[in-house]
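Undergrad: sharing a sequence plus its predicted fold:
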Amino acid sequence: MEYEEAKAVIEAMVFASPRPVTSQEMGAILGIDPRTVNAIVDDLRQEYDRNRRGMQIVFVAGGYQMATRPAHAAYIAKLNVGTRQALSRPALETVAMIAYKQPITKAELETIRGVRVDGVLTTLIERGLVRPVGRKKAPGRPVLYGTTPEFLRWFGLASLDDLPPIEGDAATLPGFSLRSESRRRSPRAGNGVSPATRGSARG
Amino acid sequence: MNMIPVRVEGFSGTLEELARAIERGEIDARTVSVHEVIRACFEELERSEGTGLDAVGGFLVAASTLVAAKSRALLPSEPEEADGAAGGSDDCGGSAEDDGNSADDSRESDGNSALIAHLMKYRIFKEAVEELARRDEAWRLVYLRDTLPPGTGAALPPEGVGLSDLIQALRRVLEGIPEDEFTAVPADDLSIEEKMDVILTRLRQKGKLVFGELFEGPTVTRSEVIAVFLALLELIRLAKAVVRQDAHFGEILILPAVGGADHGV
């Protein structure tokens, strides 16, 4: 397939997909190496930046997705497409603990936070950031909670490995195990805290 | 939560930051008046009424950590090696409370380290939480394209309707119908087969039925509602009808099963 054509198809697929689409998926469809897909997406991104396009391609939850640029948020908000509310402090703390310690039970969360988490947990589940992932093999078989792909999208994270690293001594604390000590950032991540501001900077 | 501002000599920040600074040894616990800090916090809590349980809970955790740190600072040096050598710790004053000193000490320092380990766990998250909060803010400004292709609906509607949904819907129907009167025992004029026939006929005529429509009629009794409901369940069991819901909390629709009942359109 001709390069420009492949680029157009990839652009179309990322546009049409309602969820993050992976380079593997696209590579399989096009019959090309996923790494080539990555390169083409990078090419597209640069093109968008260069031409100061209103959209960007972000890498969240393991795949590519079309998104607007933060600079235009105020205009889009007036479109009445619904603006999401910032999470409350307790919700942020709880979702962070779930993210780092998943799967985790409600009781364990409450032990760490020192307060009840029922309400917060309900909110997080309603927003689709957290979901029950199973039951612990312990008395009462309590429900275990984990984060969803929507959690990654919400915070613009490429994967759980993309979570902000937490202090190393955490791993040595009793009853506290980190999922992975070696937190290498996903090579495709490239999403800083602030999503792609370079577009406006380049123009 | 935990946003209670605290001002003491040489420190200004939240209560938790204070507890943390003391843990790190940046501030000597002995110079901090726990009494004053806690009184200030109480005032703050009273002033900002409605801070809720979380704030109070956070306050209690931070305050108890502070108290623990302070009491540890005030105690003589940890008699870790003096396990057997009881009474060696030269407490000045308060000799009345000295009995069983060494046992108490080890238990207490256990309690302390548990508390501190707990606070550390909590604190480790704090920085991650800060970053997540920044990300929450930043990504709030980015609209991800996540609409589904046209025709598939804005959100995924529930595909099948569970038995509990049906029973809930039934309960709503029953609520609108007076209790049956037991003055006379009605003859057995209720046949589930008959009701099944009625439902199927109506389905053929209309293509689909709203759950509530099943139970419409001038003289619907509770027993009749139950009979119709059982007939519906039977039709579902026999795969002659399916129930669907177009939206969450939407009307439950009854449709002829594909291949089951003939559509007759």
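TA: On my side now, so go ahead.

Undergrad: next, the residue of chain A most remote from its centre: secondary structure please.
TA: Each residue of chain A has a distance to the centre, and by CA atoms, centre = their mean the biggest one is for residue A:139: 33.5 Å. Of the three states, residue A:139 takes coil according to DSSP: H, G, I helix; E, B strand; the rest coil.

Undergrad: now it: how far from residue A:110?
TA: 16 Å (CB to CB, to the nearest Å). C-beta: built from backbone N, CA, C; applies to glycine.

Undergrad: can you check residue A:93 too?
TA: Taking CB to CB, one finds residue A:93 at 12 Å from residue A:110.

Undergrad: pick out whichever of the two has more residues nearby.
TA: residue A:93 (28 against 16; other CB atoms under 10 Å in any protein chain shown).

Undergrad: these two touch, right, that one and residue B:123?
TA: No - with contact defined as CB atoms under 8 Å, residue A:93 does not reach residue B:123; the gap is 11.3 Å.

Undergrad: I'd like the average pLDDT over the helix or strand harbouring residue A:94.
TA: Element membership for residue A:94 (DSSP states H and E) is helix A:89-101. Mean pLDDT, helix A:89-101: 89.

Undergrad: how about that helix, does it reach chain B?
TA: Yes - against chain B, helix A:89-101 shows contacts by CB under 8 Å from any CB of the partner chain at A:89-90, A:92-93, A:95-97, A:100.

Undergrad: packing partners for that helix?
TA: Counting contacts by 3 or more CB pairs under 8 Å, 6 or more residues apart in numbering or on different chains; DSSP states H and E, helix A:89-101 packs against helix A:106-113, helix A:118-126, strand A:143-147, helix B:101-140.

Undergrad: next, the buried residues of the helix or strand just after the longest one.
TA: It refers to helix B:101-140. Next along the chain after helix B:101-140, taking DSSP H and E as the criterion, comes helix B:163-175. Going by neighbour count (16 or more other CB atoms under 10 Å in any protein chain shown), the buried part of helix B:163-175 is B:165-166, B:169-170, B:173.

Undergrad: for helix B:163-175, list the C-alpha coordinates in CSV.
TA: The C-alpha trace of helix B:163-175 is given here as CSV (Å, rounded to 0.1, in the frame of the first residue of the first chain):
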residue,chain,number,x,y,z
LEU,B,163,-35.7,-11.0,35.4
SER,B,164,-35.2,-8.5,38.1
ASP,B,165,-36.0,-5.6,35.7
LEU,B,166,-39.1,-7.4,34.7
ILE,B,167,-40.1,-8.0,38.3
GLN,B,168,-39.5,-4.4,39.1
ALA,B,169,-41.6,-3.3,36.2
LEU,B,170,-44.3,-5.7,37.4
ARG,B,171,-44.2,-4.2,40.8
ARG,B,172,-44.9,-0.8,39.3
VAL,B,173,-47.9,-2.1,37.5
LEU,B,174,-49.2,-3.8,40.6
GLU,B,175,-48.9,-0.6,42.6
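
Undergrad: quick check: next helix or strand after that helix?
TA: Taking DSSP H and E, what comes next after helix B:163-175 is helix B:192-206.

Undergrad: run through the neighbouring helices and strands of that next one.
TA: strand B:209-210, helix B:222-237, strand B:241-245, strand B:252-256.

Undergrad: try 7 Å this time
TA: helix B:222-237 (3 or more CB pairs under 7 Å, 6 or more residues apart in numbering or on different chains; DSSP states H and E).

Undergrad: pLDDT wise, what is residue B:20 at?
TA: Residue B:20 carries a pLDDT value of 74.

Undergrad: burial check on the closest residue to it other than its chain neighbours, number of neighbours?
TA: Spatial nearest neighbour of residue B:20, excluding adjacent residues (CB to CB, 6 or more residues apart in numbering or on different chains): residue B:123 at 6.0 Å. Counted by other CB under 10 Å, the residues lying close to residue B:123 total 19.

Undergrad: check residue A:151 too.
TA: Count around residue A:151 with other CB under 10 Å applied: 24.

Undergrad: show me the contacts for it.
TA: A:95, A:99, A:129-130 (CB atoms under 7 Å, 6 or more residues apart in numbering or on different chains).

Undergrad: okay, residue A:31 and chain B: tell me how far apart.
TA: Using CB to the nearest CB, to the nearest Å, residue A:31 is found at 24 Å from chain B.

Undergrad: thought residue B:19 was touching the residue nearest to residue B:20, still the case?
TA: No - contact between residue B:123 and residue B:19 fails when scored by CB atoms under 7 Å: they sit 8.8 Å apart.

Undergrad: any stretches of chain A with poor pLDDT?
TA: The model of chain A has pLDDT under 70 over residues A:80-82, A:167-203.

Undergrad: report the central residue of it.
TA: Closest-to-mean residue, chain A, CA atoms, centre = their mean: residue A:152 / 2.2 Å.

Undergrad: centre of the chain versus the helix or strand hosting it, how much separation?
TA: Per DSSP H and E, residue A:152 falls inside helix A:149-154. From the chain centre to the centre of helix A:149-154 is a distance of 4 Å (CA atoms, centre = their mean, to the nearest Å).

Undergrad: with just CA atoms, put that helix into CSV.
TA: Below are the C-alpha coordinates for helix A:149-154, written out as CSV (Å, rounded to 0.1, in the frame of the first residue of the first chain):
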residue,chain,number,x,y,z
PRO,A,149,-9.8,1.8,30.5
GLU,A,150,-12.0,4.9,31.0
PHE,A,151,-9.8,5.7,34.0
LEU,A,152,-6.8,5.8,31.7
ARG,A,153,-8.7,8.0,29.2
TRP,A,154,-9.8,10.3,31.9
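
Undergrad: picking up where we left off before, alpha carbons only: can I get the helix holding residue A:94 in PDB?
TA: Written as PDB, here are the backbone C-alpha positions of helix A:89-101 (Å, rounded to 0.1, in the frame of the first residue of the first chain):
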ATOM      1  CA  ARG A  89     -10.300  15.300  46.500                       C
ATOM      2  CA  PRO A  90     -11.600  12.100  48.200                       C
ATOM      3  CA  ALA A  91     -12.500  10.700  44.800                       C
ATOM      4  CA  LEU A  92      -9.000  11.400  43.500                       C
ATOM      5  CA  GLU A  93      -7.400   9.900  46.500                       C
ATOM      6  CA  THR A  94      -9.500   6.800  46.400                       C
ATOM      7  CA  VAL A  95      -9.100   6.300  42.600                       C
ATOM      8  CA  ALA A  96      -5.300   6.700  43.000                       C
ATOM      9  CA  MET A  97      -5.200   4.100  45.700                       C
ATOM     10  CA  ILE A  98      -7.300   1.700  43.600                       C
ATOM     11  CA  ALA A  99      -5.000   2.400  40.600                       C
ATOM     12  CA  TYR A 100      -1.800   1.600  42.500                       C
ATOM     13  CA  LYS A 101      -3.100  -1.200  44.600                       C
END
